[in-house]
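Visitor: here's my sequence, what's the structure:
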Amino acid sequence: MNLIKQTMDQHLEGHTNLEGQLSYHLTSIYDHTIYEHLSRVVQRLLPQVQFISMMMDTLIARSNIQKAFLFDVMSKIYIATDSSPVSMMHYEICSELIDVLIDVTCIYGNEEDGTGSKFDKKSSSFIRLRHTNPEENIVLYLREVDKQLALVCLINESEIYKHHLINYNLDRFKEGLKRIFEHSRAIQQQHQQVTQEKKTQQ
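Guide: Sure, this is the predicted structure:
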C-alpha cells in the first residue's frame, strides 16, 4: 500500500498544481472490497449523507436494529449507513441479499411486457441466518425505500416480533428520505435558475 501511495504521489507531482491530500483504498475484484470502498467515495460526494445517517441512527435506536445500510440496488453500493462501525462481514451479507433479490426478481418479477425487472414499493425480503448460539440468530430485512434504493437491516431474531413497529418506523424513514431528496432537487433547480439568469444578463 505504501509503495502504491509513493508511486502515485511521484506520478502526480509535476502534473498538477492543486494542493490537497489523496486517499487510497486497497481493493480487489475478487471480493466485496471494491464495492465497500466505492461506497465510501460516493458518500463523500453526496451532501445529504450526513442527514440520512442521522435518520438511520434514529431508526435503529427506535426499532432495536443492529445495523442498517441504504443500498443502490443495481450497483450494490451503499450510499449511507448508521454511525456504528461498518463490519465487512455485515456488508458482504447484505450485499449478497441484494444479489438474491436481483436474481429472484429477474426470474419471477419481470414487467408484464418483459421490458425489465419489477422493483417497486412492494419489494421486500426476509432471510433468517441460523447461528450455533440461538441468541445470535440474525434476520436480514430488505425494504424498498425509493426508486432503485433499498434499506437492508440486520435484526436480532429475538426482536423480530416487533415487526409492525419496525415497518412503521421504516415508513417514517421513507417519508423523511423523500423530503430530503425533494429539498435537494428544489435547491438544485434554484441554483440552475440563478445561473441561467446570470448568463442571460451577461
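
Visitor: beta-bridge partners for the residue nearest to I160 when sequence neighbours are not counted, please?
Guide: Spatial nearest neighbour of I160, chain neighbours left out: V139 (5.1 Å); criterion: CB to CB, 6 or more residues apart in numbering. In this view, the C-beta of every residue, glycine as well, is placed from N, C-alpha and C. Counting by DSSP bridges, V139 forms beta bridges with R128, I155.

Visitor: could you tell me which residues within the longest helix seen in the chain count as buried?
Guide: If you go by DSSP state H, the chain has its longest helix at helix 163-201. Across helix 163-201, burial judged by 16 or more other CB atoms under 10 Å covers I166, N169, L170, F173, K174, G176, L177.

Visitor: burial count for the residue nearest to I160?
Guide: 20 (other CB atoms under 10 Å).

Visitor: so it versus R128, what's the distance?
Guide: 5 Å (CB to CB, to the nearest Å).

Visitor: okay, and F126 sits in which element?
Guide: Element membership of F126 [criterion: DSSP states H and E] is strand 124-129.

Visitor: check what pLDDT L177 gets.
Guide: You'll see L177 listed with a pLDDT of 89.

Visitor: pull the CA atoms of stretch 176-183 into CSV?
Guide: Listed next in CSV are the C-alpha coordinates belonging to stretch 176-183 (Å, rounded to 0.1, in the frame of the first residue of the first chain):
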residue,chain,number,x,y,z
GLY,A,176,-38.1,11.6,5.6
LEU,A,177,-35.8,10.3,2.8
LYS,A,178,-38.3,11.5,0.2
ARG,A,179,-38.4,15.0,1.8
ILE,A,180,-34.6,15.2,1.7
PHE,A,181,-34.4,14.3,-2.0
GLU,A,182,-37.2,16.7,-2.8
HIS,A,183,-35.5,19.5,-1.0
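
Visitor: off-centre distance for it?
Guide: 15 Å (CA atoms, centre = their mean, to the nearest Å).

Visitor: so what touches it?
Guide: Q48, F51, I52, M55, V145, D146, L149 (CB atoms under 8 Å, 6 or more residues apart in numbering).

Visitor: so how do I select the buried members of those residues in PyMOL?
Guide: PyMOL command restricting the contacts of stretch 176-183 to the buried ones, with burial defined by 16+ other CB under 10 Å:
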select buried, resi 51+52+55+145+149
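
Visitor: any idea which of the contacts of stretch 176-183 is closest to T132?
Guide: Nearest to T132 among the contacts of stretch 176-183 is V145, at 33.0 Å by CB to CB.

Visitor: quick check: which element contains the closest one?
Guide: Per DSSP H and E: strand 138-146 holds V145.

Visitor: measure how that strand sits relative to strand 124-129, angle-wise.
Guide: 160 degrees (axes from the mean of the first three to the mean of the last three CA atoms, to 10 degrees).

Visitor: strand 138-146 - contacts with which helices or strands?
Guide: Helices and strands touching strand 138-146, by 3 or more CB pairs under 8 Å, 6 or more residues apart in numbering; DSSP states H and E, are helix 88-108, strand 124-129, strand 149-156, helix 163-201.
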